[in-house]
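Enquirer: Structure of the sequence below:
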Amino acid sequence: MTAKSLKIIVSGDVDGRLNQLYSRISNIQKKSGAFDMLLCVGDFFSPTSPEWEQYVSGSMKAPIPTFVIGASKKELLKYYSSGDGCDNITFLGKSGLYTGSSGLRIAYLSGVDATSAKDDDTEFTSKEIDSICVPLLSDSKYSGIDILLTSQWPKGVEKYGVAMDGVDSLQVGSSLISKLAVDLKPRYHFVGREGVYFERQPYRNHKVLAEGAKHVTRFISLAKVGNTEKKKYMYAFTIVPMSQLEHTELVKQPQDVTECPYTQQADVNQKTRATQELEETSSQFFFDMNSPQSQQGKKRRVDDPDNKKNAKRPTQPTGPCWFCLGNATVDKHLVISVGNQSYLALAKGPLVPDHVLILPIGHYQSTVTAPQDVITEIDQYKAALRKMYKKQGKAAVFFERNFRTQHLQIQAVPVEQDMVPELKETFTECAESNKIELHEIPKMSDLKQIVPAGAPYFYAELPSGDKLLHRISKFFPLQFGREALSSPLLLNMPDRVNWKNCSCSKEEEILMVTDFRKDFQPYEFNTT
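Expert: Okay, here's the model as predicted:
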């Protein structure tokens, strides 16, 4: 038997404009047929709502079963005192779970996060969160709900998604709502209150490669009914209750899916055996290997007036680290550009003249353990390199090996544009020949969500947007990235797989750095 789909409309803050809302819905239903229900997020009433009396008296009737969550402003509580609503308009209340005869499950929470002790029913605390979550999560078979309605935004919802103008969820959002969304795993999460329309890319509710696939969540904010800016305030969709869907259909992942924006990152200070290994001599160093190992210099301080006192401090290396910029033995002539958190340097023994490294100034072992401000600046360097290589008719390949090394190094190697279609297959074939498995992970995924802190891995980002990952267990060829790029279908440089075979004199290196710096200058984002 085929599961029946429901036709639902969701509205933003009505603010007492009931006639305008229902007139619009009546027109929609004339064209598209009857809808099963209307869900209202944000505030349904205004301080003075004369139109409401028409519906209470029966002179007007809602043309669709309407479900309304509670108030988020004190002056609106008077409308909910009876708790009854009226014909075809149901007050859901402050918080709870509504289950329809179809099996559709809707969780809801009205009001705003209490800044201290809860004052009235326009505020909520963790108690309301627990009252919703505990009964559901106590069921070992619980997998999620269909719809979540909240007045307030979740904090941090923009992370990993497209940029949004007009609202900063870190300022107006609630971490309790974020927790609620993580725990409940809704298929749709609707909010109002901020007067904007925003539809985020779907985010996944599972960790790639670590958990079985789960359904995605779609977050949607709706504007106020009748707003003068003509922002979208209604959202119509069809949905089959998840209780009636086949699992394979439920967990399908759309192309633009991202990581969950709320998931907490692993503790980057966790110690593992990987952090205790020194960089072995076969790695690419850009220092004088014959120089005495003098005492480490101080890490570069970030001269930033906005620097936060409680920002994460870099971990200390377990031995001499030749990639910490403060090390007195670093070959400074290879450094191309220095930012606040990271720097760009010519690779020692480069595959091609424009083969460079992106490295953090502080001591961080990998992308997974580096803090967000470091990753943000590394991404700036990646974007700048892509633009520079594109100007030269080339494309950037980035790869990282977090194995037998203690300092994050991202290799950036340009290849000709006509080689781009061959890259993924060449990396895969190279992996097969070395008896290792490369996993293709979603393009919008975040490595921090997939790999635990301290775990060894190889990771590559291709110009096509493809991301390749291998979780290293025991054996791994240290020159794998170079080997793949040196293959006959790409750079065709089998003699340059080992960086030691590509050594240059200091004079040649200085010349390459000078040339690169000149080409990079139009894309340099560090002005000091």
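
Enquirer: Tell me the pLDDT of the residue sitting nearest the centre point of the chain.
Expert: The residue lying closest to the centre of the chain (CA atoms, centre = their mean) is Tyr160, at 2.6 Å. pLDDT, Tyr160: 86.

Enquirer: Please apply the same query to Ile472.
Expert: pLDDT, Ile472: 93.

Enquirer: next one: Gln406
Expert: Note on Gln406: pLDDT of 85.

Enquirer: Regarding it, what is its secondary structure?
Expert: coil (DSSP: H, G, I helix; E, B strand; the rest coil).

Enquirer: ok, now Thr217?
Expert: Assignment for Thr217 (three-state DSSP): strand.

Enquirer: show me the contacts for the nearest residue to Lys179 once chain neighbours are set aside.
Expert: Leaving out its chain neighbours, the residue that sits closest to Lys179 by CB to CB, 6 or more residues apart in numbering is Ile129, at 6.3 Å. C-betas here are computed from N, CA, C, even on glycine. Contacts for Ile129 (CB atoms under 8 Å, 6 or more residues apart in numbering) come out as Leu109, Leu176, Lys179, Leu180, Asp183.

Enquirer: For the first one, give me its contacts.
Expert: Pointing back at Leu109 there. Contacts for Leu109 (CB under 8 Å, 6+ apart) come out as Ile69, Lys94, Ser95, Phe124, Glu128, Ile129, Ile132, Leu149, Thr150, Ser151, Ile177, Leu180.

Enquirer: re earlier: tell me which element the residue nearest to Lys179 is part of?
Expert: Assessed by DSSP states H and E, Ile129 sits inside helix 126-137.

Enquirer: Which is the succeeding secondary structure element to that helix?
Expert: Next along the chain after helix 126-137, taking DSSP H and E as the criterion, comes strand 145-150.

Enquirer: Listing partners with orientation, what would you give for that following strand?
Expert: strand 105-109 (parallel), strand 186-191 (parallel) (DSSP bridges).

Enquirer: Show me the contact partners of the longest one.
Expert: Think strand 186-191. So strand 186-191 is contacted by 10, 39, 41-42, 107, 144-154, 181, 215-222, 235, 237, 239, 242 (CB under 8 Å, 6+ apart).

Enquirer: that older thread, kindly reformat the strands paired with strand 145-150 as TSV containing distance to Lys506 and mean pLDDT.
Expert: Output for these, formatted as TSV (distance: least, CB to CB, whole Å; pLDDT from 0 to 100):
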stretch	distance to Lys506	mean pLDDT
strand 105-109	65	96
strand 186-191	58	98
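
Enquirer: does Val208 really touch Leu447, like I thought?
Expert: No. Using CB atoms under 8 Å, Val208 is not in contact with Leu447; the gap is 9.9 Å.

Enquirer: The residue nearest to the centre of the chain and Pro261: what is the separation?
Expert: As for Tyr160, its distance to Pro261 is 5 Å (criterion: CB to CB, to the nearest Å).

Enquirer: what do you get for Leu39?
Expert: Distance from Leu39 to Pro261, by CB to CB: 23 Å.

Enquirer: likewise Ser82?
Expert: Separation of Ser82 from Pro261 (CB to CB): 39 Å.

Enquirer: cool, Thr90 as well?
Expert: 32 Å.

Enquirer: Of those two, which one has the most company?
Expert: Pro261 (23 against 16; other CB atoms under 10 Å).

Enquirer: Which strand or helix spans that one?
Expert: Short version, using DSSP H and E: Pro261 is in no helix or strand.

Enquirer: Can you tell me the closest non-neighbouring residue to it?
Expert: Per CB to CB, 6+ apart, closest to Pro261 is Lys159, 3.8 Å.

Enquirer: Tell me the buried residues in the helix holding Ile129?
Expert: Glu128, Ile129, Ile132, Cys133, Leu136 (16 or more other CB atoms under 10 Å).

Enquirer: can I assume Asp84 is in contact with Val68?
Expert: No. Applying CB under 8 Å as the test, Asp84 and Val68 come out as separate, 11.5 Å apart.

Enquirer: Touching both of those two, which residues are there?
Expert: Taking CB under 8 Å, 6+ apart as the contact rule, Asp84 and Val68 both touch Phe91.

Enquirer: the more surrounded of those two?
Expert: Val68 (26 against 10).

Enquirer: Which of the buried residues of helix 126-137 sits closest to Arg401?
Expert: Using CB to CB, Cys133 comes nearest to Arg401 of the buried residues of helix 126-137, at 40.9 Å.

Enquirer: Is it correct that that closest one is in contact with Lys185?
Expert: No. Using CB under 8 Å, Cys133 makes no contact with Lys185, being 10.7 Å away.

Enquirer: any idea how far Val182 is from Val112?
Expert: For Val112 relative to Val182 (CB to CB), the value is 19 Å.

Enquirer: just checking, Met37 touches Ala62?
Expert: No. Counting by CB under 8 Å, Met37 sits too far from Ala62 to count as a contact (10.6 Å).

Enquirer: what is in contact with those two at once?
Expert: In contact with both Met37 and Ala62: no residue, using CB under 8 Å, 6+ apart.

Enquirer: Pull the number of nearby residues for Leu489.
Expert: 13.

Enquirer: Identify the residues contacting Asp36.
Expert: Leu6, Lys7, Ile8, Pro65, Ser102 are the contacts of Asp36 under CB under 8 Å, 6+ apart.

Enquirer: PyMOL command to pick out the buried ones of the contacts of Leu109?
Expert: Under the burial definition 16+ other CB under 10 Å, those of the contacts of Leu109 that qualify are selected in PyMOL by:
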select buried, resi 69+94+95+124+128+129+132+149+150+151+177+180
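
Enquirer: TSV for the contacts of Leu109, including pLDDT and distance to Val191?
Expert: Shown next, in TSV, are those (pLDDT from 0 to 100; distance: CB to CB, whole Å):
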residue	pLDDT	distance to Val191
Ile69	95	11
Lys94	91	16
Ser95	92	15
Phe124	93	14
Glu128	92	16
Ile129	93	16
Ile132	94	16
Leu149	98	8
Thr150	97	5
Ser151	95	7
Ile177	96	8
Leu180	96	12
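
Enquirer: of the contacts of Leu109, closest to Gln372?
Expert: Ile177 (21.2 Å).

Enquirer: Which element, helix or strand, includes the closest one?
Expert: helix 175-184.

Enquirer: ok, and the closest non-adjacent residue to Leu104?
Expert: Ranked by CB to CB, 6+ apart and with sequence neighbours excluded, the top spatial neighbour of Leu104 is Pro241, at 4.5 Å.

Enquirer: any weak-confidence spans in the stretch 351-500 of the chain?
Expert: Within the stretch 351-500 of the chain, no range satisfies pLDDT under 70.

Enquirer: Show me where it has its helices.
Expert: Using DSSP state H, counting those that start in this stretch, the helices of the stretch 351-500 of the chain run over residues 372-391, 420-433, 447-450, 480-485.
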